[in-house]
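1. Sequence first, predicted coordinates after that:
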Amino acid sequence: MPHVLEIKGGELLTPFNVFDVMDAVEDYMGTDIRQYLEEYLEGVESDAEEITDDEITDHYKQVLLNIRDETEEVLRLMEKPRMDRKAIRETLNLIVKMIGREK
């Protein structure tokens, strides 16, 4: 939905997207200012993508570590002379839940 913006001097501008705003910046402030803003915004967007990618990578590493730990617990339970099937089932259900949350 477009917003009505008041430009200095009382003139109204109704931009429908960011490109309309950038056109107004160019019209009122010049091409250099528009290019500066575009370059700045591209850098901000790139930084945000890097942070997001790093957070996602860290999250999945932690999930895999948790699954590994639980799998090792199942293996430990299975090595006992008397297997505790209930404990094994509970641990496997926990692994299934961890995987299910990631879908």
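-> Yep, that arrived.

2. Can you tell me the centre-most residue of the protein?
-> Thr52 (4.2 Å; C-alpha atoms, centre = their mean).

3. residue farthest from the centroid of the protein?
-> Distance to centre of the chain, C-alpha atoms, centre = their mean, peaks at Pro81 (46.0 Å).

4. Pull the number of nearby residues for Asp58.
-> Close neighbours of Asp58, defined as other C-beta atoms under 10 Å, add up to 10. No exception for glycine: its C-beta is placed from N, CA and C like everyone else's.

5. who's in contact with the helix or strand hosting Val96?
-> For Val96, the host element (DSSP states H and E) is helix 85-101. Contacts to helix 85-101, defined as C-beta atoms under 8 Å, 6 or more residues apart in numbering, come from residues 63, 66-67, 70-71, 73-74, 77-78.

6. on that earlier part again, so which strand or helix has the residue nearest to the centre of the chain?
-> helix 31-79.

7. orientation of that helix relative to helix 85-101 in degrees?
-> Helix 31-79 and helix 85-101 meet at an angle of 170 degrees, taking axes from the mean of the first three to the mean of the last three C-alpha atoms, to 10 degrees as the criterion.

8. Please compute how far helix 31-79 lies from its chain's middle.
-> 7 Å (C-alpha atoms, centre = their mean, to the nearest Å).

9. Can you list the helices and strands that it packs against?
-> helix 18-29, helix 85-101 (3 or more C-beta pairs under 8 Å, 6 or more residues apart in numbering; DSSP states H and E).

10. could I get those as a markdown table with mean neighbour count?
-> Listed next are those as a markdown table, based on neighbours: other C-beta atoms under 10 Å:
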| stretch | mean neighbour count |
| --- | --- |
| helix 18-29 | 14 |
| helix 85-101 | 13 |
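
11. With Gly43 as the reference, name the closest of these.
-> helix 18-29 (15.6 Å; C-beta to C-beta).

12. mind listing what Ile67 touches?
-> By C-beta under 8 Å, 6+ apart, the contact set of Ile67 is 95, 98-99.

13. now Tyr36: how far from Arg85?
-> 67 Å (C-beta to C-beta, to the nearest Å).
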